[in-house]
Structure formats: C-alpha cells, structure tokens
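# sequence first, then the predicted structure:
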Amino acid sequence: MKLFPIVAAMCVLCEAANAQTPDCRSIPDPAARLACYDRSAPSVASSPATRQAMRAAPAPKVDGAGYVDSIAAEDALMKDRMKGICRGC
C-alpha cells in the first residue's frame, strides 16, 4: 500500500523529455527544409582525414584456403552413421 503513493508521486512529478528542435516540417521550400534539418543534426565527420578513414574499406583478414567447413564434415559423418539404421526407407 505504501508503494502506490510513491509511484503516483513519481508519475506526477516526472516530466516527459522536451526536445528543443526547430520545426523543420513546416518549411514549404524543400531546399530550406533540408538546410534546417542539416543545421539541427550534428556533423559526423568534420576533418578530411576522418572522412577518408570512413570511406576506406577494411581489408579482409580471412584466408579462404585454410577454411574448413565443420558442419559439412559433421553432416557427412551423420549420414554414414544413418545408413545402417533405416532399412527399406
């Protein structure tokens, strides 16, 4: 019974987060609306070195010659074991 007043007080005293963003949806000109959204969003990569690092794809480190398909090996082993179980199937 003591929990209900505490929960009720928390609900009354807590406010929803109010984001202070500009109302870009109401701008009729598409170019001006896009500029409004660009101003409201923070820049991700500001330096040229950071932009270049983001564009470069990482080199694959997987060696295809040494790859072993363990599931195929297990399937082959299971098929060999199953041959003697089912007769006439």
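Arrived safely, thanks for sending.

# pLDDT wise, what is Cys89 at?
Cys89 is assigned 60 on the pLDDT scale.

# all helices of this protein, in order?
3-13, 30-40, 48-55, 70-82 (DSSP state H).

# looking at those helices, spot the one closest to Cys24.
Proximity to Cys24, assessed across these by C-beta to C-beta, is greatest for helix 30-40 (3.9 Å). Where you see a C-beta, it was placed from the backbone N, CA and C, and this is true even at glycine.

# mind checking which helix or strand of the chain has the lowest mean pLDDT?
When each helix and strand of the chain is scored by mean pLDDT, DSSP states H and E, helix 48-55 comes last, with a mean of 66.

# quick revisit: make CSV out of the helices of the chain and add distance to Asp23.
Output for the helices of the chain, formatted as CSV (distance: least, C-beta to C-beta, whole Å):
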stretch, distance to Asp23
helix 3-13, 28
helix 30-40, 9
helix 48-55, 30
helix 70-82, 55
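
# comparing those helices by mean pLDDT, which bottoms out?
Among these, helix 48-55 scores lowest, at a mean of 66.
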